[in-house]
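Trainee: Let me see the structure of the following:
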Amino acid sequence: MAVATGTSLILASISSVLIFSGMQMFKPWFSSSQLHTLFGGYLGSLFFVLLLTAIGNLETYLFGKSFQVKLFPEVSLSLLISILASATIHRVCGTSCLLLSLCALYYLNKFSQRVYTVQTAPPVVQTGKKKKNNS
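Mentor: You can find the predicted model right below:
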């Protein structure tokens, strides 16, 4: 179910703050085993998606519906923040955050292209016989 831009901005911002604070609170648990470290990287990539959503919604709210999120500075800034947030927990957590965030970015782009591209009708091609002119 889609929500308005302002509501999505608030939800994405609150969720990203909750994920970041949860990652910092449970830092010893994420560093305790390899599987927990990979899970921390996954949460970092989720933080990246939510942060990118919040930034995109803020720009849409401020600049209008035609504004698009670009690779630089929005995506790269969100990616850098999420990697640094994950790397404060563990270095491997930051690396797995990078890889999973790039995968998430690929699928976000693929979904966006499918939803927001304008479909044009193919040109009509006449085949067969020509019209007879009865004049």
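Trainee: okay, CA-based contacts and neighbour counts for the rest of this
Mentor: Will do.
Trainee: where does the residue nearest the centre of the chain land on pLDDT?
Mentor: In the chain, the centroid-proximal residue (Cα atoms, centre = their mean) is V49; its distance is 4.3 Å. Looking at V49, its pLDDT is 97.
Trainee: That one contacts A104, correct?
Mentor: Yes: under the criterion of Cα atoms under 8 Å, V49 makes contact with A104 at 7.4 Å.
Trainee: Tell me who's in contact with the closest residue to L46 other than its chain neighbours.
Mentor: Counting by Cα to Cα, 6 or more residues apart in numbering, L46 lies nearest to S101, which is 7.6 Å off, once chain neighbours are set aside. Contact analysis of S101 by Cα atoms under 8 Å, 6 or more residues apart in numbering lists 44-46, 48-49, 79.
Trainee: so S101 is in which element?
Mentor: Element membership of S101, judged by DSSP states H and E, is helix 91-116.
Trainee: Show me what the helix or strand hosting S86 is packed against.
Mentor: Secondary structure assignment for S86, by DSSP H and E: helix 76-87. Helix 76-87 sits against helix 34-63, helix 91-116, with contacts defined as 3 or more Cα pairs under 8 Å, 6 or more residues apart in numbering; DSSP states H and E.
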